[in-house]
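Undergrad: based on what follows, work out the 3D shape:
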Amino acid sequence: MAVPTVASASEADVTAARERLDAHVREIVAWHFDPATGSPFWLEYAGKLGWDPRREIRGFADLSRLGSFQDEWLRGGPVQRWVPKGIAGQPMLRLSEFTHSKSWWLTGSDIIQMK
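TA: Coordinates of the predicted model:
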């Protein structure tokens, strides 16, 4: 299937792309805010919101309800607070030789970038 360019994208193409994006957002939010799979950070964050992101974030446009991510959240504290329960216990390998300003954590087939 050819990828349509901006100039050639039909309304149907745009609608289909938006639907795929919104479905992807719902999947990611559901995983990160589920008590069985989410990271301690995001589960604690959800508790402070007063509403359940898994129920109320229905697509990309709703993500603004979560507010802006604060870089300072990445400073201090154990890195394990960012590891989702869904991959906890898997072997992790820290790869820090690529850059001095960021650490990379490899878990299974996923790479998680941490500042």
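Undergrad: and the spatially most central residue of the chain, helix, strand or coil?
TA: The structure's the chain has its C-alpha centroid closest to residue 28; by Cα atoms, centre = their mean the separation is 5.8 Å. Assigned with DSSP: H, G, I helix; E, B strand; the rest coil, residue 28 falls in the helix class.
Undergrad: what's near enough to touch it?
TA: Residue 28 sits next to no residue when contact means Cβ atoms under 8 Å, 6 or more residues apart in numbering. (C-beta placed from N, C-alpha, C; glycine too.)
Undergrad: gap between it and residue 9?
TA: The span separating residue 28 from residue 9 equals 24 Å under the rule Cβ to Cβ, to the nearest Å.
Undergrad: pLDDT of stretch 41-55, averaged?
TA: For stretch 41-55, mean pLDDT is 96.
Undergrad: okay, how far is it across that stretch, tip to tip?
TA: From the first residue to the last, stretch 41-55 extends over 19 Å; the measure is Cα to Cα, to the nearest Å.
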